[in-house]
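Chemist: Below are the sequence and a predicted model for it; my questions follow.
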Protein chains: 2
Amino acid sequence: MMNKRFPIVAVALLCTVQTAFSQLPAGLKPLESNINKNSYPAVTQDLRVAFRLRAPEADRVQIDLGRRYDMTRDAEGFWTVTTDPQDAGFHYYSLILDGVAVADPASESFYGMGRMASAVDLPEAGVDFYDVKDVPRGAMRSDYYFSNVTNSWRHMYVYTPPGYDTDTRRYPVMYIQHGGGEDERGWATQGRTDIILDNLIAEGKAVPMIVVIANGNVAGAAGGTGYADDAQAAFRAEITSNIIPYVDGRYRTYTDARRRALCGLSMGGGQSFYSGLGSPLLFANVGMFSSGLYGRGADAEVFDVEAAMPGILSDSAMYNDRLRVFYISCGEGDPRIEPTKRAVALFREKGLNVEFNSFPGGHEWQVWRKSLHDFAQKLFK
Amino acid sequence: MMNKRFPIVAVALLCTVQTAFSQLPAGLKPLESNINKNSYPAVTQDLRVAFRLRAPEADRVQIDLGRRYDMTRDAEGFWTVTTDPQDAGFHYYSLILDGVAVADPASESFYGMGRMASAVDLPEAGVDFYDVKDVPRGAMRSDYYFSNVTNSWRHMYVYTPPGYDTDTRRYPVMYIQHGGGEDERGWATQGRTDIILDNLIAEGKAVPMIVVIANGNVAGAAGGTGYADDAQAAFRAEITSNIIPYVDGRYRTYTDARRRALCGLSMGGGQSFYSGLGSPLLFANVGMFSSGLYGRGADAEVFDVEAAMPGILSDSAMYNDRLRVFYISCGEGDPRIEPTKRAVALFREKGLNVEFNSFPGGHEWQVWRKSLHDFAQKLFK
């Protein structure tokens, strides 16, 4: 035995996972996002998710998967619950341990909900566009640039397509932004951007392009974040003064607006609206995934899009001329779907060219993966 | 306000962090690895770490940072503790919440201890070799290859040096392996491999090289893991049959043993010993960081290195002829230090050329960052 030669002093780094090592009941399959071959979380054929945790000292344990499920304790201190059937795709969840929301030690963690959160990624029958396949592969690169907006080094991911290392040509560029409570890891990890692009390019459905995934959390001058005016202005300064110049200096990009796109999900779609539609010299392709486009309160109206983007309704011809692709998508189970449809109808009534698509699911990554997959096929052709 | 136009329906993704938003007492500084500008964990000048968590329903909360610290609850349900002074560098820690070890929602998580774990990364005065600087940068790439050992796609990181995209030359390659309970994210994230190499190359202290960071968790034919004989054999099959052929096919590498290195920390150093010293046609450079090299039990002897690697003591000339660099390092506070020194003394007594270095600290990432920094400077010159 090797143990005699290299004994288990590495034990400090060895696994101590709280989930029981156990046989799974028939019909349950462990998820691929489980850590260290944990049996749980496990999924049934109809996409119910079973959770199990050993916590003999806890008084109350819940799973928060959109709604909260109380777990039940057995005599040995194992807590279990099986949820209702879930939508296919990627769902953040939390373990609520005596009132504190934490990541489940049995699963992978992902940056979302403003912290490292757990997730289940439930397979969708017949859907494999985000699976790794034996196709020519580009590279997802980790990179840093210095921001004179935040006065700090900032991290980004850059996808370069297959062939980038060996040819000398230039490529069009898609900039893609995450949502609130997320960061650049969203599209790199949850979104599987590199795998989606590799597969699309291999099938000839998308042209080879560079994809830039930057961190969109840039606080505004007045301390605002997210959708606040000053945060939108700060993001616009960041992408125009720092991100694009850095990318164009370091990578072999085309630098004209027609071969540059800006898109994003939720908050990132809002950034795409303001920085994308608002910067016609920089972006001729704009995509908004699950971004709302509606007002506040009980009687939410279509928001004042003309005030936000002057001319978009009153001079749609100018926007049609500037834009090659203006794309909007939303999950069919997302509360944003109806206001989004109303906004799209208004755009079309005013003559603005806008492409719209919707996908099954809520305000979730399965919709955003499909939105990227759809949007990328429309670009740079 | 933007809120009227893009209201806060993104709230599902917004931050709900359990740490209090609070003013920090004088002398406390939040750590850079805190998420979302949380005030805690925070560090004092003498490297004590202060933790704070809101958990009004919990009965017992501890921090496990090598040793366990009990936290104290105040009337509002905030739990706090300040630790003893810590070593500088990166330390995994857990929150123990009513007996369950979980990641702290206030901090970044890292794959270690067989699950996503929290960590504090305490600055070391005068040490900046792993800080991002304004130097030419290579790229840390995410990549996949198909393994016929595990019959699955496996993930790896590949660092390509500055200039790789624009020149056409070939580069020497370092393969570097993580420890037990970790995976390929260890060297990419905790280890800061890309930043360390960028800085070394910029200073002219290391030659430009490719660095491959693969997942070393390959179960043996008999189900063994870690240091077990069958797991060592499986890793050797993986690196020789899958990893190296993939890398040499995809990247512009030199393919001779003199320009290829294998190194690793702890378990990865064991893999470097067996697959590295044991494959002279493939590797002429081998590094073992904090790997032990000693026997079991109370009266641990120097382990039977001659049985493990025939000829290494009895025919050191053969190994000296094969090897350009054989490097061993260890933390000075690691229990492995004395057995490692005995093994190094034995090697030298038998005439084997071995370089040895030690660094302040225990069985931890600060020692491994310094080991990489040191080892990389010795290679391919």
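Modeler: Arrived safely. Numbers count the residues shown, from 1 in each chain, chains lettered A, B, ... in the order given.

Chemist: Any figure for the gap between the nearest residue to A:F375 once chain neighbours are set aside and A:I244?
Modeler: Counting by CB to CB, 6 or more residues apart in numbering or on different chains, A:G287 is the residue found nearest to A:F375 once chain neighbours are left out, at 4.5 Å. Just so you know, the C-beta spots here come from the backbone N, C-alpha and C atoms, and that holds for glycine as well. Separation of A:G287 from A:I244 (CB to CB, to the nearest Å): 17 Å.

Chemist: The two - which one has more neighbours?
Modeler: More crowded of A:G287 and A:I244, by other CB atoms under 10 Å in any protein chain shown: A:G287, with 31 against 22.

Chemist: Determine the three-state secondary structure at that one.
Modeler: On the three-state scheme (DSSP: H, G, I helix; E, B strand; the rest coil), A:G287 is labelled strand.

Chemist: need the contact list for it.
Modeler: Going by CB atoms under 8 Å, 6 or more residues apart in numbering or on different chains, A:G287 touches A:261-264, A:269, A:272, A:325-329, A:371, A:375.

Chemist: what do you get if the cut-off is 10 Å, keeping everything else the same?
Modeler: Contact analysis of A:G287 by CB atoms under 10 Å, 6 or more residues apart in numbering or on different chains lists A:174, A:176-177, A:261-265, A:268-269, A:272-273, A:276, A:325-329, A:355, A:371-372, A:374-376, A:378-379.

Chemist: Which members of those are classed as buried?
Modeler: Neighbour-count burial (16 or more other CB atoms under 10 Å in any protein chain shown) applied to the contacts of A:G287 gives A:174, A:176-177, A:261-265, A:268-269, A:272-273, A:276, A:325-329, A:371-372, A:374-376, A:378-379.

Chemist: on that earlier part again, show me the contacts of A:G287 that map onto strands.
Modeler: A:174, A:176-177, A:261-265, A:325-329, A:355 (DSSP state E).

Chemist: and the two most separated of these?
Modeler: Farthest apart among those by CB to CB are A:Q177 and A:E355. That separation is 18.7 Å.

Chemist: quick one: buried residues of the lowest-mean-pLDDT helix or strand in chain A?
Modeler: Lowest on mean pLDDT, DSSP states H and E among the helices and strands of chain A sits helix A:305-308, with a mean of 85. Across helix A:305-308, burial judged by 16+ other CB under 10 Å covers A:V305, A:A308.

Chemist: So which of the ones in strands among the contacts of A:G287 is the closest to chain B?
Modeler: A:L265 (9.2 Å; CB to the nearest CB).

Chemist: and that closest one, what does it touch?
Modeler: A:176-180, A:182, A:186-187, A:191, A:272, A:287-291, A:329, A:363-365, A:367-369, A:371-372, B:10, B:13.

Chemist: Could you list everything it pairs with in the sheet?
Modeler: Counting by DSSP bridges, A:L265 forms beta bridges with A:F289.

Chemist: Tell me the pLDDT of it.
Modeler: Here, the pLDDT recorded for A:L265 equals 97.

Chemist: Could you list the low-pLDDT ranges of the stretch 151-300 of chain A?
Modeler: The model of the stretch 151-300 of chain A has pLDDT under 70 over residues A:294-300.

Chemist: all helices for it, in order.
Modeler: Secondary structure of the stretch 151-300 of chain A by DSSP state H, counting those that start in this stretch: the helices cover A:185, A:193-202, A:229-237, A:244-250, A:267-271.

Chemist: in the stretch 1-150 of chain A, which spans are strands?
Modeler: A:29-30, A:42-43, A:49-54, A:61-65, A:67-70, A:72-73, A:78-82, A:89-97, A:100-102, A:109-112, A:115-122, A:139-147 (DSSP state E, counting those that start in this stretch).

Chemist: Out of those strands, flag the one nearest B:V61.
Modeler: Nearest of the strands of the stretch 1-150 of chain A (CB to CB): strand A:100-102, 8.7 Å.

Chemist: hmm, the closest one touching chain B?
Modeler: Yes: Strand A:100-102 is in contact with chain B by CB under 10 Å from any CB of the partner chain, via A:V100, A:A101, A:V102.

Chemist: avg pLDDT for that strand?
Modeler: 97.

Chemist: and what of stretch A:34-45?
Modeler: On average, stretch A:34-45 scores 92.

Chemist: Quick check: buried residues in it?
Modeler: Buried residues in stretch A:34-45 (16+ other CB under 10 Å): A:N34, A:I35, A:N36, A:N38, A:S39, A:Y40, A:P41, A:A42, A:V43, A:T44.

Chemist: tell me, which of those make contact with chain B?
Modeler: A:I35, A:N36, A:N38.

Chemist: Let me know the closest of these to B:A75.
Modeler: So of these, ranked by how close each gets to B:A75 (CB to CB), first place is A:I35, at 37.0 Å.

Chemist: Now that A:L372 has come up, it's in contact with A:R192, right?
Modeler: Yes: with contact defined as CB atoms under 10 Å, A:L372 reaches A:R192; the gap is 8.7 Å.

Chemist: Now do the shared contacts for the two.
Modeler: A:F129, A:Y130.

Chemist: who touches A:V218 in this structure?
Modeler: A:147, A:149-150, A:154, A:224-225, A:230-239, A:242, A:271.

Chemist: likewise A:S33?
Modeler: A:S33 neighbours (CB under 10 Å, 6+ apart): A:P41, A:F90, A:A106, A:S107, A:E108, A:S109, A:F110, A:S118, A:A119, A:V120, A:D121, A:L122.

Chemist: rerun that using 7 Å as the cut-off
Modeler: A:S107, A:E108, A:A119, A:V120, A:D121 (CB atoms under 7 Å, 6 or more residues apart in numbering or on different chains).
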